[in-house]
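Asks: The following comprises the amino acid sequence and a computationally predicted model.
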Amino acid sequence: MQPTIYTFLIVCPLVFLAGFVDAVAGGGGLISLPAYLLAGVPVHNAVATNKLSSATGTLISTVRLCKNKFVDWILVLPCIPMALLGSSIGAHLALIASDKLLRYMLIPVLPVVAFYVLRKKNMDEKGGEIARKKQILLCAVCSLAVGCYDGFYGPGTGTFLLLLFTGLGKMSVAKASGTMKVTNLSSNVAALVVFLLSGKIVIMLGIAASVFSIAGHYTGAGMVMKNGSRIIRPIILIVLALLFIKIISGIKKRRI
């Protein structure tokens with residue numbers, strides 16, 4: 001497709017917001033992917049192009065968090081190959097899935113993400129007690145499963161990882177944020193390679209959106225270091241509600 005000025009005006013500001021949210025608590029895809037769809041980008045192209053902008057932005061916030069020692073490297077090392085494997089599988093499945101299936105994926109995903117965001121009240125705690133080997137195993141398995149979802153669709157990936165690492169893995173929110181970013185970046189890169197080879201990415205739109213994604217991620221990473229995750233929960237919930245309404249209304253219009 002050939003993007004218009006209208007496409008850029010819708011996508012770029014929302015991608016900046018998505019990058020900011022994603023850097024702090026994950027879930028930026030819940031804003032950025034719908035932005036591409038709202039701008040009229042076909043579903044497969046939207047998923048692929050969104051992966052380009054989210055991967056570049058995630059790289060920036062990941063580097064910043066790594067420099068400030070927010071990453072548990074012993075734990076994340078087995079998570080990286082698992083995320084790469086899962087994302088590669090998911091991306092190949094996405095290329096053969098129908099547009100209708102990809103659109104309908106959001107309907108069950110949104111309530112599940114909202115449930116976890118509402119239920120998880122202790123994201124600011126220091127973490128819990130858990131055997132190190134068990135923690136590594138659980139986080140690696142979670143990385144495989146969520147990586148597969150990230151490659152296939154993507155929205156909410158960072159949020160799922162953050163909640164699973166703090167919930168099942170008993171990590172502190174600070175360490176989970178950095179570790180989640182490295183894992184998420186790995187799954188982004190694997191899916192991005194698949195989509196680049198498939199030719200589904202709208203290059204010019206993806207490059208422009210990447211600039212805004214980088215700015216959003218850089219700003220959001222600074223919030224993580226200032227314990228800014230509290231402000232993100234209500235933002236995510238508002239986005240979930242608006243997006244769910246949009247998806248349902250779109251389905252009703254098609255039926256009419």
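Replies: Looks like it arrived, so ask away.

Asks: Over to the closest residue to residue 174 other than its chain neighbours: give its phi and psi.
Replies: Leaving aside its chain neighbours, residue 174 sits nearest to residue 70 (5.6 Å; criterion: CB to CB, 6 or more residues apart in numbering). Yep, even glycine has a C-beta here, placed from its N, CA and C like the rest. Per-residue torsions, residue 70: phi -100, psi 10 (degrees, to the nearest 10).

Asks: Work out for me the element residue 161 sits within.
Replies: helix 157-167 (DSSP states H and E).

Asks: would you put the C-alpha positions of that helix in PDB?
Replies: Taking C-alpha atoms only, helix 157-167 is exported to PDB below (Å, rounded to 0.1, in the frame of the first residue of the first chain):
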ATOM      1  CA  THR A 157       3.100  -8.900  25.000                       C
ATOM      2  CA  GLY A 158       5.100  -6.600  27.300                       C
ATOM      3  CA  THR A 159       2.300  -6.500  29.800                       C
ATOM      4  CA  PHE A 160       1.900 -10.300  29.900                       C
ATOM      5  CA  LEU A 161       5.700 -10.700  30.400                       C
ATOM      6  CA  LEU A 162       5.800  -8.100  33.100                       C
ATOM      7  CA  LEU A 163       2.800  -9.700  35.000                       C
ATOM      8  CA  LEU A 164       4.100 -13.200  34.600                       C
ATOM      9  CA  PHE A 165       7.700 -12.300  35.700                       C
ATOM     10  CA  THR A 166       6.400 -10.500  38.800                       C
ATOM     11  CA  GLY A 167       3.600 -13.000  39.500                       C
END
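
Asks: Show me how far that helix is from its chain's centre.
Replies: 11 Å (CA atoms, centre = their mean, to the nearest Å).

Asks: Now do the contacts for residue 83.
Replies: 143, 144, 146, 147, 150, 183, 184, 186, 187, 190 (CB atoms under 8 Å, 6 or more residues apart in numbering).

Asks: taking those one by one, which sit in helices?
Replies: Among the contacts of residue 83, the members found in helices (DSSP state H) are 143, 144, 146, 147, 150, 183, 184, 186, 187, 190.

Asks: Closest to residue 27 out of these?
Replies: If you rank the ones in helices among the contacts of residue 83 by distance to residue 27 using CB to CB, residue 184 comes first, at 10.6 Å.

Asks: tally of neighbours for the closest residue to the closest one other than its chain neighbours?
Replies: Spatially, and ignoring its direct neighbours in sequence, residue 184 is nearest to residue 158 (5.2 Å; CB to CB, 6+ apart). For residue 158, the number of neighbouring residues by other CB atoms under 10 Å comes to 31.

Asks: quick one: low-confidence ranges for the stretch 51-200 of the chain?
Replies: Along the stretch 51-200 of the chain, segments meeting pLDDT under 70 span 99, 102-103, 106, 109-110, 113-114, 116-128.

Asks: And the helices in it, which stretches?
Replies: According to DSSP state H, counting those that start in this stretch, the stretch 51-200 of the chain carries its helices in the segments 73-96, 99-104, 106-119, 132-152, 157-167, 173-198.
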